[in-house]
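*Asks:* From the sequence below, what's the structure:
(chains A and B)
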Amino acid sequence: MKLDERDACDPDRIEAYLADAMDRDEEASMVQHLEWCVDCRARMDRVAAAEETWDSARTYLIDDDHDSVQLSGLLDSDTARDSCTWEPCSSDAQVTSVLGTLSPTDDPQMLGRLGPYEVSGVIGAGGMGVVLKGQDPALDRVVAIKILAPHLATSGAARRRFAREAKAAAAVLHPNVMPIHGVMNGGPLPYLVMPYMRGASLQKRIDDSGPLAPIEILRVGSQIASGLAAAHTLGLVHRDIKPANIMLADGLEQVAITDFGLARAVDDATMTRSGVIAGTPQYMSPEQACGEAIDARSDLFSLGSLIYAMCTGRSPFRAETSFGVLRRITDESPRPIREINSEIPAWLCHLVNRLHEKNPQTRMQSAREVEQFLNQCMAHLEQPGSCNLPATLLADEREDPGKPAKTRQGLAAIVGVILVAILLSVVPLPRGVREMGPDSAFQIEPPLEDEMEIVEEAPVSEQRSEAIQVPKSFESLWAELDEDLESLDESIPQIDLLEAELNSVVPNLNPMDRPFTPGEE
Amino acid sequence: MAEAPETRESLLIRLSDPSDRDAWDTFVSIYRPLVYRIARLRGVQDADAQDLAQRVLLSVSKSISDWTPRPGSRFRHWIARIAKNAAINALQRQPRDRARGGSGYAAALGSVEQQSIEQLYELEYRRQVYRRAAEIVRNRADEKTWLAFSLTMVDGLSVDQVAERLAMPPGSVYAARSRMVRRLRDQVQILQDQSENRSPRQVGDARHEA
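*Replies:* Numbers count the residues shown, from 1 in each chain, chains lettered A, B, ... in the order given. Predicted coordinates:
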């Protein structure tokens, strides 16, 4: 083809150009032709698409406040275009891009500065963002700084959500919830500041050494339940309880739940972008999987899955795709724990089953209840002779769940939590006291069977009977406990503190669990 | 276009294939922002609108198992109808007073009847298809070609301004823009086929799907 022919107007060539059917040279000459041929410009517009399409594009592609994806070309050319802005990127790229946002520092030992913090290293990177190690110069302490991933920080809504959830989480003050020192939403990337904790996540622990021993499972589970109870009291639901969000320090002695509420902020951001749920939904509850409204009991289902993972070394609901996992969560029971790990006691499997009830109504109802159960199980494992298991677990095992058993469970659970509170957390007991033998003053006998039956025969309606019998039996236990405490007076110097602590616990108990006072009846 | 042969496949068949969730993703990529935006336009708060959109989509995903293939009935029509019903029901359950708050536009929409929600739904569906299509076109185009299109069409700059900004001759801006519009048109067609919003009768298409 000669040059003048190439430069002539030719509708067929326009169509070929638009359909990507030209080679490089042909394309170059087509573009060259358009530099001067106004007719062909108009012709090309007409051939490219109908007028309606052009109009629709001009109307619909203009961004407004509610669009999660911005199509404006100004954004792309005015801000440095970063691959992270469009696609979730690999951890390395994420770290590099986060480190690129740091301000320079005078300290040659440091990587850079973020707000008031000197950044000394990278702790890790994950779905949500990058965690840096830093130094807080004002308070001279080491901190962990969690920075929202660049691809999540692009929308204003995601940033606000991040800040809001972090602030809510900062209100939870509990030894088993990772505290939040500060939240920063103003800079290029929002971040939050937490204490630096030496240790690994429960996920890593499971990956490295497989299933945990039953006593370890109870110890970790009870601390998580305790942290959840504190957050639930404030109306906060975690929404993403899973082993990766549990930090372990000092072996298993100190357990902290991280990322309270942040799951939701991140989900919203990624779902808006990609339309699918971020990460793995393996620990979701059925109500989460169905997209129904969720409450604190959703966390309890996830806790059940987490305990299952500690028992077996793997998550309960597994499938190749996210949708497969969701379907299994809503429709199927996981493989029985003891088929995978026969060393797990049957009663612990029963506990997991009670957390894994698909219907939140039939599930265990509160984290506090779960904590009490686990504590009682722990006492039983440590001193099987003198501490009984929660009766409902035994009843399940005998497949004979009777009313008396339920009553005893309520009582025993209270005794259990007080006992364990004394033993473990209320006061720093001398080691000798903690390791007392079975005949220690801490031992509390479970209520006698005939005592239960007497109460059961009281001439009141069934509903009333439960409300009355508990305080009555509790009264005797409380008296016993009182005696026990008095006899300990000499061995524990902090007995006053202990008493104060117990008294502060009592008002928080369910009214029917409080020590009986005649005036109340 | 790369995905042309795949567009006739029903979402159901592809969803049951664990290795391929593309079709579902297409559906979700359009309907999620669709529900979210309508909720926002009706004065619902960001977080609540997000929740609402998520609830609608997951309830749709849950009902996929209810679908039984029948002659003359196509999955994409069925799922679009389910989604529309779920969305409109959910949107109508939003408290009225909330719908009346917000900007002037949202406030004006606060008193709309059911008919108007459906009209809004149709309009927003169309808008969402175009935006999703544009996003796909953008991801597959080289940066300058895309910018020649978006700066003129979305940001309203003149061809000469854009030519100067991108340091390319005006003829190239015209060529690039037209090419993007053509791809947009084709992509819109593909997405409409994959996420059909109209009822089968309106479409007038009763072909069987294998």
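*Asks:* On the secondary structure side, give me the element for residue A:17.
*Replies:* When secondary structure is defined using DSSP states H and E, the element that contains residue A:17 is helix A:11-18.
*Asks:* which strands and helices sit next to the helix or strand residue B:92 falls within?
*Replies:* Per DSSP H and E, residue B:92 falls inside helix B:75-93. Other elements packing on helix B:75-93 under the criterion 3 or more C-beta pairs under 8 Å, 6 or more residues apart in numbering or on different chains; DSSP states H and E are helix B:11-15, helix B:22-41, helix B:46-62, helix B:114-140. Backbone N, C-alpha and C define where each C-beta goes, glycine included.
*Asks:* Can you check which of those helices gets nearest to residue A:164?
*Replies:* Each of these was scored for nearness to residue A:164 using C-beta to C-beta, and the closest is helix B:46-62 (8.2 Å).
*Asks:* hmm, that closest one in reach of chain A?
*Replies:* Yes. Helix B:46-62 reaches chain A (C-beta under 8 Å from any C-beta of the partner chain) through B:46-47, B:50-51, B:54-59, B:61-62.
*Asks:* any chance of the residues you listed in TSV, plus neighbour count?
*Replies:* Formatted as TSV, the entries for these read as follows, by neighbours: other C-beta atoms under 10 Å in any protein chain shown:
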residue	neighbour count
B:46	19
B:47	16
B:50	26
B:51	20
B:54	20
B:55	18
B:56	27
B:57	25
B:58	19
B:59	18
B:61	22
B:62	16
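*Asks:* Redo the residues you listed as JSON lines? Include pLDDT and distance to residue A:46.
*Replies:* Shown next, in JSON lines, are the residues of helix B:46-62 next to chain A (pLDDT from 0 to 100; distance: C-beta to C-beta, whole Å):
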{"residue": "B:46", "pLDDT": "75", "distance to residue A:46": "41"}
{"residue": "B:47", "pLDDT": "76", "distance to residue A:46": "46"}
{"residue": "B:50", "pLDDT": "80", "distance to residue A:46": "41"}
{"residue": "B:51", "pLDDT": "80", "distance to residue A:46": "45"}
{"residue": "B:54", "pLDDT": "79", "distance to residue A:46": "42"}
{"residue": "B:55", "pLDDT": "80", "distance to residue A:46": "44"}
{"residue": "B:56", "pLDDT": "83", "distance to residue A:46": "40"}
{"residue": "B:57", "pLDDT": "78", "distance to residue A:46": "39"}
{"residue": "B:58", "pLDDT": "74", "distance to residue A:46": "44"}
{"residue": "B:59", "pLDDT": "76", "distance to residue A:46": "44"}
{"residue": "B:61", "pLDDT": "71", "distance to residue A:46": "42"}
{"residue": "B:62", "pLDDT": "69", "distance to residue A:46": "46"}
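*Asks:* ok, back up a step: can I get the helices and strands packed on helix B:75-93 in TSV with distance to residue B:82?
*Replies:* Written out in TSV, the entries for those read as follows (distance: least, C-beta to C-beta, whole Å):
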stretch	distance to residue B:82
helix B:11-15	11
helix B:22-41	10
helix B:46-62	5
helix B:114-140	14
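*Asks:* which of these is buried the deepest?
*Replies:* Among these, the stretch with the highest mean neighbour count (mean count of other C-beta atoms under 10 Å in any protein chain shown) is helix B:22-41, at a mean of 24.
*Asks:* and it, what does it pack onto?
*Replies:* Judged by 3+ C-beta pairs under 8 Å, 6+ apart, the packing partners of helix B:22-41 are helix A:262-274, helix B:11-15, helix B:46-62, helix B:75-93, helix B:104-109, helix B:114-140, helix B:170-194.
*Asks:* ok so, going back, max pairwise distance over the residues of helix B:46-62 next to chain A: which two?
*Replies:* Checking these against each other with C-beta to C-beta, the farthest-apart pair comes out as B:46 and B:62, at 24.6 Å.
*Asks:* Which stretches in chain A count as strands?
*Replies:* A:112-114, A:117-125, A:129-136, A:141-148, A:182-184, A:191-195, A:200-201, A:246-249, A:254-257 (DSSP state E).
*Asks:* So for the first one, what gets flagged as buried?
*Replies:* Right, strand A:112-114. A:112-114 (16 or more other C-beta atoms under 10 Å in any protein chain shown).
*Asks:* Columns pLDDT and distance to chain B on top of the residues you listed, output as TSV?
*Replies:* Listed next are these as TSV, based on pLDDT from 0 to 100; distance: C-beta to the nearest C-beta, whole Å:
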residue	pLDDT	distance to chain B
A:112	83	29
A:113	85	32
A:114	86	27
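*Asks:* so where is the chain shaky, pLDDT-wise?
*Replies:* Picking chain A for this. Low-confidence segments of chain A, defined by pLDDT under 70, are located at A:1-7, A:75-94, A:126-128, A:151, A:154-158, A:252, A:261-280, A:291, A:320-323, A:393-521.
*Asks:* I was thinking of chain B, sorry if that wasn't clear
*Replies:* Within chain B, the ranges that satisfy pLDDT under 70 run B:1-25, B:62, B:64-76, B:94-115, B:194-210.
*Asks:* Mind doing that once more with 80?
*Replies:* Within chain B, the stretches with pLDDT under 80 are B:1-29, B:42-47, B:54, B:57-80, B:92-119, B:193-210.
*Asks:* Looking at it, which residue is nearest chain A?
*Replies:* The minimum distance from chain B to chain A, using C-beta to the nearest C-beta, falls at residue B:58 (2.6 Å).
*Asks:* Would you agree that residue is in contact with residue A:289?
*Replies:* Yes. Under the criterion of C-beta atoms under 8 Å, residue B:58 lies in contact with residue A:289, with a separation of 7.3 Å.
*Asks:* any idea of the angle the helix holding residue B:92 forms with helix B:46-62?
*Replies:* Using axes from the mean of the first three to the mean of the last three C-alpha atoms, to 10 degrees, the interaxial angle of helix B:75-93 with respect to helix B:46-62 works out to 140 degrees.
*Asks:* buried sites along helix B:75-93?
*Replies:* Along helix B:75-93, these residues count as buried under the neighbour rule (16+ other C-beta under 10 Å): B:75-80, B:82-84, B:86-88, B:90-91.
*Asks:* do stretch A:207-218 as well
*Replies:* Using 16+ other C-beta under 10 Å, the residues of stretch A:207-218 that count as buried are A:211-212, A:214, A:217-218.
*Asks:* Specify which member of these is nearest to chain B.
*Replies:* Out of these, the one with the shortest distance to chain B is residue A:211. That distance is 27.8 Å, counting by C-beta to the nearest C-beta.
*Asks:* residue contacts, that closest one?
*Replies:* Remark: with contacts taken as C-beta atoms under 8 Å, 6 or more residues apart in numbering or on different chains, residue A:211 is in contact with A:310-313, A:341, A:343-344.
*Asks:* Show me just the buried residues among those residues.
*Replies:* With neighbours counted by 16+ other C-beta under 10 Å, the contacts of residue A:211 contain buried members at A:310-312, A:341, A:344.
*Asks:* Pipe those into CSV and attach distance to chain B per row.
*Replies:* Written out in CSV, the entries for the buried ones among the contacts of residue A:211 read as follows (distance: C-beta to the nearest C-beta, whole Å):
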residue, distance to chain B
A:310, 28
A:311, 27
A:312, 23
A:341, 28
A:344, 30
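*Asks:* quick check, nearest of these to residue B:129?
*Replies:* Using C-beta to C-beta, the buried ones among the contacts of residue A:211 come closest to residue B:129 at residue A:312, 45.5 Å.
*Asks:* And the closest one, how far from residue A:339?
*Replies:* The gap separating residue A:312 from residue A:339 is 9 Å, by C-beta to C-beta, to the nearest Å.
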